[in-house]
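Asker: With the input below, show me the fold.
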Amino acid sequence: MEILKKITIVVLGLFLATTINAQDLKSAFKKSYELEKNGKYIDAIEILKTVYDENSYEINLRLGWLAYSAGSFTESISYYNKAISLMPLSIEAQFGLVYPASAVGNWNQVIEAYNKILMIDKQNATANYKLGYIYYYRKDYEKAYQYFQGLVNNYPFEYNYLIIFAWTNLNLGKTREAKVLFNKVLLLSPNDESAKKGLESIK
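Answerer: Take a look at the predicted model:
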């Protein structure tokens, strides 16, 4: 009976400690949002560090964003990578990682993050669009074409996808396809200068 009482006390103590930690965590997150709203990113980071748990996906994700907002890009990348290691299928953490990686000009890491997203969700519109844009501005139109083609197949009447796909086709010498796409853009945006410029260059 005495042993049972001791076990009960220990279990109750653990329960109370867990409850307190949960309350502290909620309080820290709440305070971090208030500080972030006022642009006090460093203070928001320090608040979360008081409850930091390296095995917490949520804390690492939040710290990744706050560190990025504070301009601490290397620190931000570290937190996002920890979040990804804890939740390898997390698309939101990969998208988060893109911000600091692009800020420091690490485009290989950006491309890697988008590719990992597409391994999880091959139809992800944002990842396809961003990857296509990276290759487009590198003038690798063949590679850009692969990403934009899928987007336009899935979203046949979406301005952003149509206009960049039109220009991609034009740069690949596919003038007939480009003309059709530029004209579709003008259905969405009748006075679109980019589409008009594209059509003029085909004449």
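Asker: Would you map out the domains in the chain?
Answerer: 28-122, 126-203 (automatic domain parsing).
Asker: Could I get the average pLDDT for the longest one?
Answerer: Read that as domain 28-122. Mean pLDDT, computed over domain 28-122, is 97.
Asker: next one: stretch 148-162
Answerer: On average, stretch 148-162 scores 97.
Asker: sec struct for the closest residue to Ala67 other than its chain neighbours, please.
Answerer: Counting by CB to CB, 6 or more residues apart in numbering, Ala67 lies nearest to Ser76, which is 3.8 Å off, once chain neighbours are set aside. In this view, the C-beta of every residue, glycine as well, is placed from N, C-alpha and C. Following DSSP: H, G, I helix; E, B strand; the rest coil, we place Ser76 in the helix state.
Asker: mind putting the domains of the chain in CSV, distance to Ala22 and mean neighbour count included?
Answerer: Shown next, in CSV, are these (distance: least, CB to CB, whole Å; neighbours: other CB atoms under 10 Å):
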stretch, distance to Ala22, mean neighbour count
domain 28-122, 10, 18
domain 126-203, 33, 17
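Asker: Asn21: which of those domains is closest?
Answerer: Nearest to Asn21 among those is domain 28-122; the distance by CB to CB comes to 7.4 Å.
Asker: Helices of the protein, residue ranges please.
Answerer: For the chain, the helices defined by DSSP state H cover 2-37, 41-49, 57-69, 73-86, 91-103, 107-120, 125-137, 141-154, 159-171, 175-188, 193-202.
Asker: Centroid-nearest residue for the protein?
Answerer: Of all residues in the chain, the one closest to the mean position by CA atoms, centre = their mean is Phe95, 1.8 Å from it.
Asker: Spit out the contact partners of Ile84.
Answerer: Listed by CB atoms under 8 Å, 6 or more residues apart in numbering, the contact set of Ile84 reads Ser90, Ala93, Gln94, Leu97.
Asker: That's all I had, so thanks and see you.
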